[in-house]
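**Q** Just the structure for this:
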Amino acid sequence: MSTNRYESPLSSRYASDEMQYIFSQDKKFSTWRRLWVALARAEMELGLPVTQEQVDELERHVDDIDYNKAAQWERKLRHDVMAHVHTYGELCPKAMPIIHLGATSCYVGDNTDVILMREGLELVRDKVVRVLAHLAGFADKYKSLPTLGFTHFQAAQLVTVGDRAPCFHPGPAGVQGHHRHPGLLPGAVRRGPWEGAAAGGEDCQGDGLYSCCPRKRADLLPQAGL
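**A** All right, here's what the predicted structure looks like:
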């Protein structure tokens, strides 16, 4: 355990192992690579010069992340995304020319943030729903057990334990509403940017990248899990 670096108690004390993994370096950068695979596959299907062999090579090395190599590239290039492009490219020499083709840095950065936030929200939602289920059972079990209700620490009126239990519920506008419509909470943010300013018209074989972007987005959204 390192004691000479700042560590947030929100992580070390309060976050579950599942939540810590969702926001880990492994999850972040493997998601970058999965987005690059999805991009390459969508561009291949659109007729750009991307081959199945290149896509397969990228898929084989999604989780083979050399962080020391990425740090060396970042010291040289001063750019986190390009550092990981080159690190990935060393593992995938045939696919190197088409990694991140036509994309902006926000394509991997912002969309990975969306994916991780969505997975984190889904984890929280599922746990809160389980808590509410237990709370409902508790309220029903003790609905007839009398107790003295208090307000501002002053005795107020006679209530039941079961009657008081739902006071901890966030209400219909809270988690309950999201449980009824499970797409609302995780889907609050849809996706980030895609195409990059550095992309040239030749990327779409003379038609211009922006003329094919709607088709590219339509193909890419389901592959990227967005």
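
**Q** Residue 100 is in contact with residue 43, correct?
**A** No - the pair residue 43 / residue 100 is not scored as a contact, 10.8 Å apart, by C-beta atoms under 8 Å. Every C-beta, even on glycine, is put in place using the N, C-alpha and C of the backbone.

**Q** Which strand or helix spans residue 159?
**A** strand 154-160 (DSSP states H and E).

**Q** Export that strand to PDB, keeping only CA atoms.
**A** Only the C-alpha atoms of strand 154-160 are listed here, as PDB (Å, rounded to 0.1, in the frame of the first residue of the first chain):
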ATOM      1  CA  GLN A 154     -39.700  15.800  20.300                       C
ATOM      2  CA  ALA A 155     -42.400  13.200  20.900                       C
ATOM      3  CA  ALA A 156     -45.100  13.800  18.400                       C
ATOM      4  CA  GLN A 157     -47.700  11.100  17.700                       C
ATOM      5  CA  LEU A 158     -48.300   7.400  17.600                       C
ATOM      6  CA  VAL A 159     -47.300   5.700  14.400                       C
ATOM      7  CA  THR A 160     -46.100   2.300  13.300                       C
END
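
**Q** By residue count, tell me the biggest helix in the protein.
**A** What stands out as the longest helix in the chain, according to DSSP state H, is helix 105-141.

**Q** Just the angle for it relative to strand 154-160, thanks.
**A** 80 degrees (axes from the mean of the first three to the mean of the last three C-alpha atoms, to 10 degrees).

**Q** who does helix 105-141 touch, helix- and strand-wise?
**A** Under the contact criterion of 3 or more C-beta pairs under 8 Å, 6 or more residues apart in numbering; DSSP states H and E, helix 105-141 touches helix 17-22, helix 25-45, helix 80-91, helix 161-164, helix 175-180.

**Q** Give me the residues contacting the next helix or strand after that helix.
**A** The C-terminal neighbour of helix 105-141 among helices and strands, as given by DSSP H and E, is strand 146-151. For strand 146-151, the surrounding residues in contact (C-beta atoms under 8 Å, 6 or more residues apart in numbering) are 155, 156, 157, 158, 159, 160, 161, 164.

**Q** Kindly indicate which of those lies nearest residue 10.
**A** residue 164 (30.1 Å; C-beta to C-beta).

**Q** just for the chain, where's the confidence low?
**A** 1, 169-221, 225-226 (pLDDT under 70).

**Q** change it to 80
**A** Along the chain, segments meeting pLDDT under 80 span 1-2, 151, 167-226.

**Q** Can you pull out the residues in contact with the strand holding residue 159?
**A** Strand 154-160 is contacted from outside by 142, 143, 144, 145, 146, 147, 148, 149, 150, using C-beta under 8 Å, 6+ apart.

**Q** related to what we said a few turns ago, mind putting the helices and strands packed on helix 105-141 into a markdown table with distance to residue 9 and mean neighbour count?
**A** Shown next, in a markdown table, are the helices and strands packed on helix 105-141 (distance: least, C-beta to C-beta, whole Å; neighbours: other C-beta atoms under 10 Å):
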| stretch | distance to residue 9 | mean neighbour count |
| --- | --- | --- |
| helix 17-22 | 13 | 14 |
| helix 25-45 | 20 | 20 |
| helix 80-91 | 26 | 19 |
| helix 161-164 | 31 | 16 |
| helix 175-180 | 24 | 15 |
